[in-house]
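Engineer: sequence and computational prediction follow.
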Amino acid sequence: MELIRRLPRRMPAVSGRIPAISDWAIWRLPRWLTVFVLAVIAANLAAIGVAAPLTTFHGHDFVLYGVLLACTAIAVEWSRRAKEQHGMSKDVQGVWEFPIAILLPPLFALLAPISRLALTQWRVSRAPLHRRIFSCASIGLSYGAASLTFRGLGHLTAGAPGGAVGRDLLWTVMVTLSAVVMSAVNKAIIMTAVKGTNPDVSIRSRVFDHEPLYNDIAEMCIAVLLTYAVAGNIFLALAALPVITLLQRSLRHAQLVIDSRADSKTGLLNAATWEHEAAAEVGRAVRTRSALAVALLDIDRFKVINDTYGHLVGDQVIKEIARTLSSMLREYDLAGRFGGEEFSLLLPQTRAVDAFRIAERVRANVAGLSIIAPGATGGERVHVTVSIGVAALDSGSVRKLNELMAAADAAMYRAKSGGRDQVQMISTTRGLSAISGPGPAETARTGNGGSQDVPSAFRRAQSS
């Protein structure tokens, strides 16, 4: 790798537009991730080199391979049109390639993704070349694993009980198990790279949430059905095209639903979705007489940040704060982007003292963010702070979301007028208010005008 890095920065090229090797985007990845990407690509090439001399070629194999690749090309063309209209990147081309892994020698499975991803790069979207090649290698290795799994279990069909029915059942189980192996290998490789690129990505939400898991299972089941169909009649692949189109449309619909709920810049809930879901949570808390809290967070002097460093840095500030909220909150908390530089939080099953402490941790983490604005001197750290207002709905209280929002908004503006970079809280039922910030101590104020340490103040309010 060091040898490659030392190659000349300019290499002759016919078009003059090919970047130098040392300028490739892959070298900007973390060192271990660069090694991982190159290792996966090398493993795929090695697998092709091992499989090629062991493969015996037959005319029927080339016909089946050609028909399935033709269907893949048609699917790529359809996904290109869908992406232009809806911004979709999810596709189901694996449905056409999985039968290749099961019905043809392993070499065909290893080669299958190459033509599809080359066509995608040309017709759908231009991705960094190392990313496209890495995806091709990852998919090829997963198909190779499925092919070896199926062939490793092939001897079981010879002694299957129950005659033809038993053999069919065992064959179906073997194909399904091969599909599971394929999916597991591919996701393990891809999610390792994704996590290395962005440590904040949740593997659980990307793989095991209801929607992606359901889509993966649906794609897998159709791939198994298609494999069974083309095993008996090659040209049934063409009859399956409309069915696969419906699956693609269902994925596009699911993506549109997600996009309609999320803020495009931060990935948090948008204001309308947050308000709808928060109102339902407040109603549930009132019915079950459980605690709940709402917090409003506003970036201090955000206009000054935009005017000083530019709107691109301002966008980076918003994204970093959103990432901080996502990493700190619980799975059932609701975080949304309420306005340009304002965020809203709903904390179910959270007492006033706990909501206050959560908000204070958020404030402290935001104040510690390291956001660098590019400059002639190599960059300048942008100091970002937030003011947070918290309103708590204690158990037994009867309040509506708009009342809690009004109380949190008043607390936030009190934090702004009190010097910014602090948390202020109003408990809607206990007569308790609290304030904290970057200073040496946190204080809480009760209805008699006194002040004291926050935890003891909360304990007294809880028992009063």
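Structural biologist: Structure's in. What do you need?
Engineer: how many neighbouring residues does Glu211 have?
Structural biologist: 13 (other C-beta atoms under 10 Å). Placement of C-beta: from N, CA and C, glycine included.
Engineer: that one belongs to a helix, doesn't it?
Structural biologist: Yes - using DSSP: H, G, I helix; E, B strand; the rest coil, the secondary structure at Glu211 is a helix.
Engineer: and the residue nearest to Ile74 when sequence neighbours are not counted, what does it touch?
Structural biologist: Distances taken as C-beta to C-beta, 6 or more residues apart in numbering place Leu241 nearest to Ile74, at 6.6 Å, with adjacent residues excluded. Counting by C-beta atoms under 8 Å, 6 or more residues apart in numbering, Leu241 touches 71, 74-75.
Engineer: got a list of what the residue positioned nearest the centre of the chain touches?
Structural biologist: Nearest to the mean C-alpha position of the chain, counting by C-alpha atoms, centre = their mean, stands Arg206 at 4.9 Å. Each residue near Arg206 by C-beta under 8 Å, 6+ apart is listed here: 191, 194, 212.
Engineer: any idea which of these is closest to Gly154?
Structural biologist: Met191 (30.0 Å; C-beta to C-beta).
Engineer: what's the closest non-adjacent residue to that closest one?
Structural biologist: Nearest residue to Met191, sequence neighbours excluded (C-beta to C-beta, 6+ apart): Ile203, at 5.4 Å.
Engineer: in terms of secondary structure, what does the longest helix seen in the chain contact?
Structural biologist: The longest helix of the chain (DSSP state H) is helix 163-197. Contact here means 3 or more C-beta pairs under 8 Å, 6 or more residues apart in numbering; DSSP states H and E; on that basis helix 163-197 packs against helix 31-51, helix 94-103, helix 129-152, helix 210-232.
Engineer: pLDDT on that helix, on average?
Structural biologist: In this model, helix 163-197 has an average pLDDT of 88.
Engineer: check which residues of that helix are buried.
Structural biologist: 167, 170-171, 174-175, 178-179, 181-183, 185-187, 189-190, 192-193, 196 (16 or more other C-beta atoms under 10 Å).
Engineer: need the next SSE after that helix, C-terminal direction.
Structural biologist: helix 203 (DSSP states H and E).
Engineer: and for that next one, what are the contacting residues?
Structural biologist: 191, 195.
Engineer: now do it, average pLDDT.
Structural biologist: Per-residue scores along helix 203 average to 74.
Engineer: what's the offset of it from the middle of its chain?
Structural biologist: Centroid separation for helix 203 versus its chain: 7 Å, with C-alpha atoms, centre = their mean, to the nearest Å.
Engineer: for stretch 379-393, same thing?
Structural biologist: 25 Å.
Engineer: now do the buried residues in stretch 324-343.
Structural biologist: Buried residues in stretch 324-343 (16+ other C-beta under 10 Å): 324-326, 329, 333-338, 341-343.
Engineer: tell me the least confident of these?
Structural biologist: Among those, Phe338 carries the weakest pLDDT, at 84.
Engineer: name the nearest residue to it, ignoring sequence neighbours.
Structural biologist: Counting by C-beta to C-beta, 6+ apart, the residue nearest Phe338 is Ser344, at 4.1 Å.
Engineer: neighbours of that neighbour, how many?
Structural biologist: The burial count for Ser344: 23, using other C-beta under 10 Å.
Engineer: confidence score at it?
Structural biologist: At Ser344, pLDDT is 94.
Engineer: quick one: low-confidence ranges for the stretch 151-300 of the chain?
Structural biologist: The stretch 151-300 of the chain contains residues with pLDDT under 70 at 157-163, 200-202, 205, 250-259.
Engineer: I misspoke; the intended subject was the stretch 351-464 of the chain.
Structural biologist: Ranges of the stretch 351-464 of the chain meeting pLDDT under 70: 375-378, 394-398, 427-464.
Engineer: pull out the buried residues from stretch 286-294.
Structural biologist: Neighbour-count burial for stretch 286-294, with 16+ other C-beta under 10 Å as criterion, is recorded at 286, 290-294.
Engineer: export these to JSON lines and append columns for secondary structure.
Structural biologist: JSON lines is the format used below for the buried residues of stretch 286-294 (three-state DSSP):
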{"residue": "Val286", "secondary structure": "helix"}
{"residue": "Ser290", "secondary structure": "coil"}
{"residue": "Ala291", "secondary structure": "coil"}
{"residue": "Leu292", "secondary structure": "strand"}
{"residue": "Ala293", "secondary structure": "strand"}
{"residue": "Val294", "secondary structure": "strand"}
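Engineer: show me which of these is closest to Ser125.
Structural biologist: Nearest to Ser125 among these is Val294, at 40.4 Å by C-beta to C-beta.
Engineer: excluding its backbone neighbours, what's nearest that closest one?
Structural biologist: Per C-beta to C-beta, 6+ apart, closest to Val294 is Leu404, 4.4 Å.
Engineer: residues in contact with that neighbour?
Structural biologist: 282, 292, 294, 391, 393, 428.
Engineer: mind running it again at 6 Å?
Structural biologist: Listed by C-beta atoms under 6 Å, 6 or more residues apart in numbering, the contact partners of Leu404 are 294, 391, 393.
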